[in-house]
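quick one, what's the 3D model for this:
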Amino acid sequence: MKLVFIKIVLIGFILPVFVFGQKKKSGAKQNVTLEDVWQKYVFFPQSAGELRWMKDDNFYSELTDDAALLKIAVTDEKKIDTLIQPNELKPIDKMSPIKASDYQFSADESKVLFLTESKNIYRWSKTHIVYVFDLKTRKLQLIHEGKMIGNPIFSLDANKLGFTFENNLYFSDLASESTPIQVTKDGEKNKIINGSTDWVYEEELELVRAFDWSADSKKLAYLRFDETEVPEYSMDTYNGLYPKSVKFKYPKAGEKNAVVKGFVFDINAKTSLPVDLGKETDQYIPRLKWTPLSSQLAILRLNRIQNKLELLMVEGTTGNSKVVLTEESDTYIEVSDETWTFLKDGNSFLWTSEKDGYKHLYQYDITGKLIRQITKGNWEISKFHGLDEQNGILYYSGTEDSPLERYLYSIKIDGSDKKKLTTAIGMHDDELSKNFRYFIDHHSNSATPPVHSLFTTKGDLVRTFENNSNLLQKVQQYNISPKTFFQFTTGGGAKLNGWMIKPQDFKEKKKYPVIMFVYGGPGNQQVQNEWSAMDFFWYQTLTQQGYIVACIDNRGTGGRGAQFKKCTYKNLGKLETEDQIEGAKYLGSLKYVEKTRIGIWGWSFGGYMTSLCLTKGADYFKAGVAVAPVTNWRFYDSIYTERFLRTPQDNAKGYDDNSPINFTDKMKGKYLLIHGTADDNVHFQNSAEMVNALIKSNVQFQSFYYPNRNHGIYGGNSRMHIYKMMADFWKNNL
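Here you go, the predicted structure:
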């Protein structure tokens with residue numbers, strides 16, 4: 001491998017509101033401690049609160065801590081109407097108002113549902129005790145006798161509420177308050193799921209609610225998952241005298257997936273009609289929804305290796321389907337809620353695609369004929385916010401200015417009159433009002449905590465909800481080293497972006513050890529010009545001890561188009577590891593870096609990358625910490641893994657050539673392996689097999705396991721404990 005061609009380019013986009021480490025007129029600054037970061041949460045910014053746009057976007061709603069639901073005027077925050085008084089949310093058999101974790105208006109805003117006593121199932125899925133409040137009758141209604149239900153959603157006429165319970169689909173007639181109608185009756189744990197999804201759909205396709213109301217509220221379309229043949233994963237939890245075994249269906253790469261079928265339930269006839277999803281059953285149905293035409297259901301169909309996506313239009317009265325649009329790729333196609341948006345007249349739809357090399361917006365008629373490509377250029381849309389049909393204007397966030405930043409834009413549906421609506425340098429995350437007259441802007445950069453402001457879509461500032469000025473003042477009391485950005489070119493010609501944090505008393509002539517942080521997974525970005533509330537301040541504790549902390553986004557990461565992201569296809573881990581090694585060589589070539597003292601750490605995919613760097617890159621890394629790592633992609637789920645590697649049966653070499661368990665004999669540096677034993681995502685099995693491989697190779701290492709903790713390893717004092725452990729590891733081994 002050729003030595004890195006040394007070239008550093010400072011990316012000049014940081015305009016900090018304040019200067020880190022600026023001297024106070026009097027009094028010494030204090031150093032950041034682990035307790036500040038992970039126990040006291042000193043540097044955690046304030047948010048704008050849970051504001052919800054209303055149908056009339058001159059107003060937004062807010063649920064107060066004392067259970068009052070308010071309607072607040074956009075232009076005058078003192079103009080407040082109390083929609084629901086706290087005492088109105090007090091059930092007859094309760095002494096106090098319900099404590100809602102979330103709420104949702106019906107489409108006509110005549111009713112509000114409140115979610116209480118919510119419990120997590122997996123990453124996104126939850127169950128709740130649900131109440132509905134009728135704003136006209138002022139009645140509070142308990143749904144399904146207070147049983148824990150999932151996925152509650154109003155019909156569009158607000159007269160019914162669909163939900164799931166114990167793997168079956170139900171709906172309640174809110175007007176009659178009768179016993180809920182049970183749409184399906186064959187639901188069974190670890191066998192049949194109706195109306196919601198299995199573990200892998202939820203985790204990798206971000207689909208939890210698998211049913212939808214028709215526009216006329218007369219039909220429910222839903223998916224049925226048969227996971228009978230899906231292999232079962234079990235893990236023990238330790239909460240009593242004997243461990244408790246938790247079992248759930250988890251399709252690993254190359255194994256059987258759930259068989260998914262679609263149905264349309266007629267509310268009046270109380271009958272279900274099967275939907276034609278084709279003869280192939282080893283496929284994915286990542287989305288379904290009714291078009292604005294009540295007779296027409298739209299379904300996305302994705303083949304198992306995820307390189308062919310089809311849009312099916314289904315006749316709601318017969319279940320017959322027709323493919324109207326097909327998109328294919330030499331690599332893979334990703335699906336999200338933004339993939340499709342139907343116009344209100346039902347005659348056309350918007351579609352996002354990377355088919356020209358970057359994610360852009362297209363318009364098709366309802367037969368699948370291309371009308372136009374709306375956005376173009378060597379940049380990508382990061383988020384599509386919606387279409388103002390009345391004025392023919394689309395709103396999206398994108399990377400046109402820099403892949404390290406995000407800005408809000410508007411453009412006419414014919415592709416003309418593009419405007420940049422946010423200008424403050426850095427990252428912008430925006431929430432558009434329902435009629436697109438306003439947006440709430442959440443802005444930050446690496447030196448500026450989040451600022452939450454309200455703007456008109458013409459660009460006028462209405463007011464600022466929260467600017468985190470108190471946090472700014474607090475930060476100025478500490479010794480803080482800034483994050484600087486750089487770009488270098490590898491020996492193979494790849495230009496990679498990175499950031500670096502140096503010790504505050506940094507001296508060019510002194511040699512410093514380096515700790516690299518890596519994630520590196522497909523489409524992810526860690527090098528962005530945004531505020532980091534937690535890890536950035538943990539890194540301050542490390543720079544105070546004389547370390548430089550750095551991060552490099554390797555090939556395969558996001559923000560730079562499909563070619564940069566998808567070049568790792570069928571060989572996941574190879575180019576990414578090469579780039580991190582190149583990064584270590586580049587950093588080691590800097591005159592102020594001690595190249596024999598470079599460490600690396602990461603979590604999840606980053607733990608996988610760390611383990612590869614400590615094995616394949618053993619000559620360049622002195623130490624590494626791998627938290628919850630994948631160590632063999634054969635152990636991970638079907639949808640994610642096969643998207644990038646295909647199946648083990650088709651691409652065994654792609655799996656085995658970059659699994660760190662196969663290269664433990666190369667490891668030279670110090671290695672700390674950490675995992676939660678109740679990790680339902682990256683199974684503890686990965687670390688167990690890594691340990692077996694290390695023992696076989698006679699490699700000494702350190703390990704630590706967190707009982708009953710999942711992939712995030714949080715709860716109680718867990719975060720403080722794990723970060724203290726890592727800090728001690730660096731002190732003793734780097």
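
ok, residues contacting the lowest-mean-pLDDT helix or strand in the chain?
Every helix and strand of the chain was ranked by mean pLDDT, DSSP states H and E. The lowest is strand 51-53, at a mean of 91. Residues outside strand 51-53 that contact it (Cβ atoms under 8 Å, 6 or more residues apart in numbering) are 60, 61, 62, 103, 105, 431, 432, 433, 434, 438, 440, 465. Quick note: C-beta positions are derived from backbone N, CA and C, even for glycine.

look at the most centrally placed residue in the chain and report its pLDDT.
The centroid of the chain falls nearest to residue 206 when counting by Cα atoms, centre = their mean (8.5 Å). Residue 206 is assigned 96 on the pLDDT scale.

tell me the contacts of it?
Counted by Cβ under 8 Å, 6+ apart, residue 206 has contacts 124, 336, 337.

make JSON lines out of those and add neighbour count, secondary structure and pLDDT.
Formatted as JSON lines, these follow (neighbours: other Cβ atoms under 10 Å; DSSP: H, G, I helix; E, B strand; the rest coil; pLDDT from 0 to 100):
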{"residue": "124", "neighbour count": "13", "secondary structure": "coil", "pLDDT": "90"}
{"residue": "336", "neighbour count": "14", "secondary structure": "coil", "pLDDT": "95"}
{"residue": "337", "neighbour count": "12", "secondary structure": "helix", "pLDDT": "94"}
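
of those residues, which is the nearest to residue 487?
Closest approach between those and residue 487, by Cβ to Cβ: residue 336, at 28.8 Å.

nearest spatial neighbour of the closest one, skipping sequence neighbours?
Distances taken as Cβ to Cβ, 6 or more residues apart in numbering place residue 206 nearest to residue 336, at 6.9 Å, with adjacent residues excluded.

again, but for residue 311
Nearest non-adjacent residue to residue 311 (Cβ to Cβ, 6+ apart): residue 325, at 4.1 Å.

residue 709 now?
Taking Cβ to Cβ, 6+ apart as the measure, residue 709 lies nearest to residue 676, with 3.3 Å between them; neighbours along the chain are not counted.

residue 625 too?
Using Cβ to Cβ, 6+ apart, the closest residue to residue 625 is residue 601 (3.9 Å).

check contacts around that neighbour.
Shown in contact with residue 601 (Cβ under 8 Å, 6+ apart): 515, 516, 517, 518, 610, 624, 625, 626, 627, 726.

for the helix or strand encompassing residue 193, packing partners?
Taking DSSP states H and E as the definition, one finds residue 193 inside strand 192-194. Secondary-structure packing of strand 192-194 (3 or more Cβ pairs under 8 Å, 6 or more residues apart in numbering; DSSP states H and E): strand 219-226.

the strand it packs on - what's its average pLDDT?
Rounded mean pLDDT across strand 219-226 is 98.

what are the ranges of the helices in the stretch 1-150 of the chain?
Ranges of helices in the stretch 1-150 of the chain, per DSSP state H, counting those that start in this stretch, are 34-38.

for it, what spans make up the strands?
51-53, 59-63, 69-73, 80-84, 100-105, 111-120, 126-134, 139-142, 150-154 (DSSP state E, counting those that start in this stretch).

got a markdown table for these, with distance to residue 342 and mean neighbour count too?
Shown next, in a markdown table, are the strands of the stretch 1-150 of the chain (distance: least, Cβ to Cβ, whole Å; neighbours: other Cβ atoms under 10 Å):
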| stretch | distance to residue 342 | mean neighbour count |
| --- | --- | --- |
| strand 51-53 | 20 | 17 |
| strand 59-63 | 26 | 20 |
| strand 69-73 | 29 | 17 |
| strand 80-84 | 30 | 16 |
| strand 100-105 | 21 | 17 |
| strand 111-120 | 25 | 18 |
| strand 126-134 | 28 | 21 |
| strand 139-142 | 32 | 16 |
| strand 150-154 | 18 | 21 |
